[in-house]
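Enquirer: need a 3D model of the following:
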Amino acid sequence: HGREHSFPTRRSSDLVAVAPNVLRLTAPNPGVMTGPGTNSYLVGTKAVAVIDPGPADAGHVAALLAAAPGPIRWILVTHTHLDHSPAAALLREKSGAQLVGMPAPEHGAQDKKFKPGRIMIQDERLVGDDFVLTAIHTPGHASNHLCYLLEEEGLLFTGDHIMSGSTVVIAPPDGDMASYLASLALLKRYPLKRLAPAHGGILEQPEAVIDWLIAHRLGREAKVVEALAAAPDSTLDELLPVVYQDVQALLFPVAKHSLTAHLLKLKDEGRARRSDNGRWHNC
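Expert: Sure, this is the predicted structure:
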């Protein structure tokens, strides 16, 4: 799961063409954490790659098989959170496709059953008959998170690294705020034209979106620093309503993860410290 803030977002239709050789099918798992649901993408018009098959839902798997314009040869996952990869096993059973991605990390609610036959690394390319996908390692939301760039279209499948209609939860210990910010900056090195997130609709003007996200996170970090300066020796629960005063209280349990990630980043930078009793202080 990934969402931190919930903003209004248009519900996706069942099957949408988002590029000449890309179809989007949204899984039937809408919710506070998933927005309209997990977007699965079918790439290619001959041999097909499926990106993020979603939760283990037999109906969704059947819909993916029916929608594919050719045989499904690859099943790629951006990361192994439970709304992204569990359907991979069933889809592989039905299609014989190769599982592609990175293994599940130790921490957090991960799909430990996902065992990729091909482990992608930074800038590795998967070459299909009519497409090329380049893997970009983007840790932050999850340590094993990959984005995939469809080179022909400049279309980046962002998984939960960038969402439409919300910001992303960074939940330690597997989530890491410094890594997230570095991964956002890394994306600016690539020729991006549009972003295809795992939750919500297509995003235009990728550089502007990335710049806004970085500024938003640094702005939130500044609020953490201000809150610690005003009230040193604070607990997480005392800091939450101050740092996230623009967020609905019902989302505080989720925001608490990202607040922890901000504080740990500041601690690593020598800008905050945590006492043995778990209270936080400025430096």
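
Enquirer: what about the residue nearest the centre of the chain, distance to Val168?
Expert: The centroid of the chain falls nearest to Asp160 when counting by CA atoms, centre = their mean (1.2 Å). Asp160 is 6 Å from Val168, where distance means CB to CB, to the nearest Å. The C-beta positions use only the backbone N, C-alpha and C, and glycine is treated the same way.

Enquirer: from what I can see Asn39 touches Asn29, true?
Expert: No: with contact defined as CB atoms under 8 Å, Asn39 does not reach Asn29; the gap is 10.7 Å.

Enquirer: tell me which of those two has more neighbours.
Expert: Neighbour totals were compared for Asn39 and Asn29, and Asn39 leads with 29 against 17 (other CB atoms under 10 Å).

Enquirer: so what's the more buried one bridging to?
Expert: Beta bridges link Asn39 to Thr26 when assigned by DSSP bridges.

Enquirer: list the contacts for it?
Expert: Ser12, Arg24, Leu25, Thr26, Ala27, Asp52, Ala196, Pro197, Ala198, His199, Gly200 (CB atoms under 8 Å, 6 or more residues apart in numbering).

Enquirer: and Tyr244, by the same measure?
Expert: Leu251, Phe252, Ala255, Leu259.

Enquirer: what's around Ser234, how many residues?
Expert: Neighbour count for Ser234, taken as other CB under 10 Å: 18.

Enquirer: which residues touch it?
Expert: Contacts of Ser234 by CB under 8 Å, 6+ apart are Ala227, Leu228, Arg279, Trp280.

Enquirer: and what of Gly278?
Expert: The neighbourhood of Gly278, defined by CB under 8 Å, 6+ apart, consists of Thr235, Leu236.

Enquirer: surely it forms part of a strand?
Expert: No: going by DSSP: H, G, I helix; E, B strand; the rest coil, the assignment for Gly278 is coil, not a strand.

Enquirer: per-residue pLDDT of it, please?
Expert: We have a pLDDT of 91 for Gly278.

Enquirer: now do it against Thr235, distance only.
Expert: 7 Å.

Enquirer: cool, and Asp14?
Expert: Asp14 is 46 Å from Thr235, where distance means CB to CB.

Enquirer: can you mark which positions in stretch 100-114 are buried?
Expert: Val100, Gly101, Met102, Ala104, Pro105, Gly108, Gln110, Asp111, Phe114 (16 or more other CB atoms under 10 Å).

Enquirer: which residues sit in contact with the first one?
Expert: Looking back up the chat, that one is Val100. Ala49, Trp74, Ile75, Leu76, Val77, Pro116, Gly117, Arg118, Met120, Leu126.

Enquirer: how does it look with 7 Å?
Expert: Taking CB atoms under 7 Å, 6 or more residues apart in numbering, we find Val100 in contact with Trp74, Ile75, Leu76, Pro116, Arg118, Met120, Leu126.

Enquirer: distance to Leu240 and pLDDT for those residues - can I get that in a markdown table?
Expert: Converted to a markdown table, the contacts of Val100 look like this (distance: CB to CB, whole Å; pLDDT from 0 to 100):
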| residue | distance to Leu240 | pLDDT |
| --- | --- | --- |
| Trp74 | 42 | 98 |
| Ile75 | 39 | 98 |
| Leu76 | 36 | 98 |
| Pro116 | 37 | 97 |
| Arg118 | 41 | 98 |
| Met120 | 37 | 96 |
| Leu126 | 42 | 98 |
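
Enquirer: looking at those, which is nearest Lys265?
Expert: Closest approach between the contacts of Val100 and Lys265, by CB to CB: Met120, at 26.7 Å.

Enquirer: let me see the contact set for the closest residue to that closest one other than its chain neighbours.
Expert: Leaving out its chain neighbours, the residue that sits closest to Met120 by CB to CB, 6 or more residues apart in numbering is Ala135, at 3.9 Å. The contact partners of Ala135, by CB under 7 Å, 6+ apart, come to Met120, Ile121, Gln122, Asp123, Glu124, Leu146, Tyr148.

Enquirer: all good on my end, thank you.
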